[in-house]
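Novice: compute the structure for the input listed below.
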Amino acid sequence: MRSFFTFLAGFSAYRRLFRFLSLAAALGLIAIIAGNLCVRQAASDRVYDSLEETPHRSAGLVLGCVKTLPNGRGNLFFRYRINAAAALYHAGKVDYLIVSGDNHRHGYDEPTDMRDALVAAGVPEDRIYRDYAGFRTLDSVVRAREIFSQTSLTIVSQSFHNERAIFIARENGIDAIGFNAKDVESLGGLRTRLREHLARFKTVLDVWVLDSKPKFLGPQIALGGPTN
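Specialist: Numbering: from 1, shown residues only. Predicted structure coming up:
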């Protein structure tokens, strides 16, 4: 009989644990959905697929990603962003391009890879400025204002990424629009979009709760002056 009551007590404890975990999971899901809605609302009517309809801005901010995948193949996210940024410049929709990405270890240099690819696409080198401390989207967007003095710009990335970047920009006093690079229709692209839901929740948390700042700032760089 004692073992029976012990079993019931243990069963009750597991039931309470299950209820707690279920509630936590439900709250987490609600938070992720709410974060996604906040980001989408902030970017409503501020992203463009058509080059002709995209308004002019002095600067375009190209968000970085790895050029080559671990399997040695070229990263389509990178290629499509470069194509979009080059098209934006050649159409006269931006006068300068800021390429912002990660450069935290030797031999890995997203901004230089982007600069070189843009030069190969016909963009003059003296119109391209590298931001070496764009470790994440928040850093890239805020540094565009703090380092490059841009309070109005066009962000270049895939649509899901542009929406998140525009949310960050608007919360930091930047009048930003997005020009959408071609999306990647593959399993890797699907995984990236799924991770984006978590990234949006993290972004809302960073901006509204944690008041997160870029990892590094530094001296200002004037667009139109010497490139770096």
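Novice: any chance you could map the strands in the protein?
Specialist: In the chain, the strands defined using DSSP state E lie at 47-48, 57-63, 94-100, 128-131, 152-158, 175-181.
Novice: for residue 79, which of those is the nearest?
Specialist: strand 175-181 (8.9 Å; C-beta to C-beta). In this view, the C-beta of every residue, glycine as well, is placed from N, C-alpha and C.
Novice: can you tell me how far residue 102 is from residue 123?
Specialist: 21 Å (C-beta to C-beta, to the nearest Å).
Novice: want to throw the strands of the chain into a markdown table with distance to residue 142, mean pLDDT and mean neighbour count?
Specialist: Converted to a markdown table, the strands of the chain look like this (distance: least, C-beta to C-beta, whole Å; pLDDT from 0 to 100; neighbours: other C-beta atoms under 10 Å):
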| stretch | distance to residue 142 | mean pLDDT | mean neighbour count |
| --- | --- | --- | --- |
| strand 47-48 | 20 | 97 | 20 |
| strand 57-63 | 11 | 98 | 25 |
| strand 94-100 | 10 | 98 | 25 |
| strand 128-131 | 11 | 98 | 24 |
| strand 152-158 | 12 | 97 | 25 |
| strand 175-181 | 11 | 98 | 24 |
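Novice: can I get those in JSON lines including distance to residue 70?
Specialist: Supplementary listing: the strands of the chain in JSON lines, determined by distance: least, C-beta to C-beta, whole Å:
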{"stretch": "strand 47-48", "distance to residue 70": "30"}
{"stretch": "strand 57-63", "distance to residue 70": "20"}
{"stretch": "strand 94-100", "distance to residue 70": "22"}
{"stretch": "strand 128-131", "distance to residue 70": "24"}
{"stretch": "strand 152-158", "distance to residue 70": "20"}
{"stretch": "strand 175-181", "distance to residue 70": "22"}
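Novice: quick one: closest of these to residue 112.
Specialist: Of all the strands of the chain, strand 128-131 comes closest under C-beta to C-beta, at 6.5 Å.
Novice: give the rounded mean pLDDT of stretch 141-148.
Specialist: For stretch 141-148, mean pLDDT is 98.
Novice: contact partners of that stretch?
Specialist: 59, 61, 98, 100, 129, 131, 133-134, 150-151, 153, 155, 165, 168-169, 172-174, 176, 213-214, 217-223 (C-beta atoms under 8 Å, 6 or more residues apart in numbering).
Novice: and the most centrally placed residue in the chain, how far from residue 106?
Specialist: For the chain, the residue sitting closest to the mean C-alpha position, by C-alpha atoms, centre = their mean, is residue 137 at 4.0 Å. Residue 137 sits 24 Å away from residue 106 when distances are taken as C-beta to C-beta.
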